[in-house]
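Q: Mind folding the following:
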Amino acid sequence: MSKSVAKEFWTTQTHYPEYGTIKQRRLHELQYLVPRLSGDSLLDLGCGDGALLNCLVELTDFNQYHGYDFATHLIKNLHSKIQARDFNVYEDDLTTLPKVDNIICAGMLPFIFEDEVVEKIYGSLNTKKLFLRSPCTLKSEDEYVNVYSDKLKSNYSSKYRTVTNMIKSLEKHFIIESIDRVYPDNIESEFDTKQFYFCARSK
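A: Have a look, this model is predicted:
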């Protein structure tokens, strides 16, 4: 399993993939996040084209908004209030991540295949609250996908972890407050995965 396939997918996309239910998913996600956010600063790590973060700029009143992603052509779409930066969690200095009250990491984890890299990222997040969204396999072991996607018209590579393995890794660095499914079944993945939000606070 190579990170190069996932990186190539995101760096060659001219726009964020339009899934059939993505707008409905975003509404459910905003309803989940907005009441839980607090403080005066927010980082969306792996923000993609900023669709979620741009909505949060309109719905919240933080003093600082940060949007980081390694797909530089996608972050060009970020709202002018957002401090945007191209950032590769494999190659860039994780200690340069800003200290903020909230970090959202929504959907980035499946494209990081090495658990030790994930834990290194967790250890570098300087935040009071972490909102981590990830698709998790319902199978008993982590699942790897490395195929050509007809829907996306591209090679697609990802790792879907079990909820149990997500917890084991995350709780080494954070105190998990809740684990929630925010999408109803009718707009969930057609594959054997479900999207979970892990809400955690710093130790």
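
Q: who's the spatially closest residue to residue 142 that is not a sequence neighbour bridged to?
A: Excluding the flanking residues, the one nearest residue 142 by Cβ to Cβ, 6 or more residues apart in numbering is residue 161, at 4.9 Å. C-beta here means a position set from N, CA and C on the backbone, and glycine is covered the same way. Judged by DSSP bridges, the bridge partners of residue 161 are residue 136.

Q: so residue 161 makes contact with residue 134?
A: Yes. Residue 161 is in contact with residue 134 according to Cβ atoms under 8 Å; the separation is 6.9 Å.

Q: which residues are common contacts for these two?
A: Residues touching both residue 161 and residue 134 (Cβ atoms under 8 Å, 6 or more residues apart in numbering): residue 109.

Q: the helices in the chain, which residues?
A: In the chain, the segments counted as helices under DSSP state H are 3-12, 22-33, 51-59, 72-75, 115-124, 163-170.

Q: Could you dump these into CSV with distance to residue 82 added?
A: Conversion of the helices of the chain to CSV gives the following (distance: least, Cβ to Cβ, whole Å):
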stretch, distance to residue 82
helix 3-12, 19
helix 22-33, 16
helix 51-59, 6
helix 72-75, 8
helix 115-124, 21
helix 163-170, 26
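
Q: what's the closest of those to residue 66?
A: helix 51-59 (8.8 Å; Cβ to Cβ).
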